[in-house]
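Peer 1: Provided below for reference: sequence and predicted model.
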Amino acid sequence: MAKISVLGCGWLGFPLAKALIAKGNSVNGSTTSENKLPILKDGGISPFLVTVESESVSENIVDFLAEREILIIDIPPKLRTVDPSSEKKAFVEKIKNLIPFIEKSTVKKVLFVSSTSVYGDDNGLVTEETIPNPDTESGKQLVLAEKLLQENQNFETTILRFAGLIGEDRHPVKFLAGKENLENPDAPVNLIHQNDCIDIIEAIINQSKWNEVFNAVAPYHPTREEYYIQKALEMNLTSPKFNSKKSNIQKVISSEKIENHLSYKFALESY
């Protein structure tokens with residue numbers, strides 16, 4: 001049984017924490033919303049109200065990390081809602097503020113949830129050996145945050161870069177349904193289901209795969225047009241319409257390392 005803290009019990013962190021508990025682990029979970037504390041508690045999670053800001057970290061962080069071996073950081077940059085010019089380093093500063101608390105704690109293993117957006121629109125096959133080339137502010141800050149954690153000698157860090165996240169209650173086709181003249185019809189999709197996300201994190205912990213970088217994406221890459229029209233039909237939504245202009249984005253993110261190093265099999269029926 002491992003003692004784990006999950007920083008950020010949101011769309012992924014909450015079901016992840018519950019899955020870890022179901023496997024016999026002891027889990028502390030954090031939220032920034034007081035209303036969510038009883039929900040975490042009902043899920044068997046030890047709840048903590050923790051805020052990590054670019055200026056400070058709430059005092060609860062000390063108890064949240066106390067006697068824990070593993071910390072899972074799952075807090076998104078959320079930079080689309082702010083003015084990038086005024087808060088260019090906001091997320092990086094949050095991680096900087098968090099690190100001293102990790103150093104002083106019993107945590108020796110950190111799993112940082114990142115994104116394949118760090119690769120920008122690089123073309124061709126993208127692997128963990130591909131040098132990140134982010135073209136969004138959140139992607140740039142994720143790369144800097146990854147580096148801060150990886151270079152720290154007080155704990156071991158594994159970086160887990162998820163592709164586009166989907167789940168029963170979350171699918172991009174819902175936003176594309178009925179829209180017209182959509183771009184990049186022939187660009188490959190790079191997606192991962194919530195269930196695979198959780199199973200991969202459990203595999204990393206169970207197999208002690210630390211000081212690693214993994215790209216987590218299903219080995220299923222139909223074109224955007226093919227995939228989203230099919231999904232719209234399955235969900236009884238109005239099919240999106242794509243323009244006929246060929247895309248210059250042909251990025252396919254490889255899942256080979258995850259499949260080989262973790263002996264992981266994706267649940268392709270989820271896609």
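Peer 2: Structure received.

Peer 1: Which of the three states applies to the residue nearest in space to the middle of the chain?
Peer 2: Centroid-nearest residue in the chain: V113, 4.2 Å away (criterion: C-alpha atoms, centre = their mean). Under the three-state scheme (DSSP: H, G, I helix; E, B strand; the rest coil), V113 adopts strand.

Peer 1: hang on, T130 packs against V118?
Peer 2: No. Counting by C-beta atoms under 8 Å, T130 stays clear of V118, with 9.4 Å between them. Backbone N, C-alpha and C define where each C-beta goes, glycine included.

Peer 1: Mind telling me what element the residue lying closest to V57 once chain neighbours are set aside is part of?
Peer 2: For V57, ignoring the flanking residues on the chain, the nearest one in space by C-beta to C-beta, 6 or more residues apart in numbering is N97 at 5.1 Å. Per DSSP states H and E, N97 falls inside helix 90-104.

Peer 1: and what of K174?
Peer 2: Judged by DSSP H and E, K174 forms part of helix 173-176.

Peer 1: Need the contact partners of that helix.
Peer 2: Outside helix 173-176, the residues that touch it by C-beta atoms under 8 Å, 6 or more residues apart in numbering are L182, Y228, K231, A232, M235, L237, P240.

Peer 1: Which one of those sits in the busiest neighbourhood?
Peer 2: Y228 (24 neighbours; other C-beta atoms under 10 Å).

Peer 1: Is it in a helix, a strand, or coil?
Peer 2: helix.

Peer 1: Next one: the closest residue to the residue nearest to the centre of the chain other than its chain neighbours from L237, what distance?
Peer 2: Leaving aside its sequence neighbours, V113 sits nearest to D74 (C-beta to C-beta, 6+ apart; 4.3 Å). According to C-beta to C-beta, to the nearest Å, D74 and L237 sit 29 Å apart.

Peer 1: thinking again about what came up before, surely the residue nearest to V57 touches V52?
Peer 2: Yes. The pair N97 and V52 qualifies as a contact (C-beta under 8 Å) at a distance of 6.6 Å.

Peer 1: neighbour count winner among these two?
Peer 2: Just comparing N97 and V52: by other C-beta under 10 Å the higher neighbour count belongs to V52, 21 against 16.

Peer 1: Dig out what the more buried one forms beta bridges with.
Peer 2: As for beta bridges, V52 partners with V57 under DSSP bridges.
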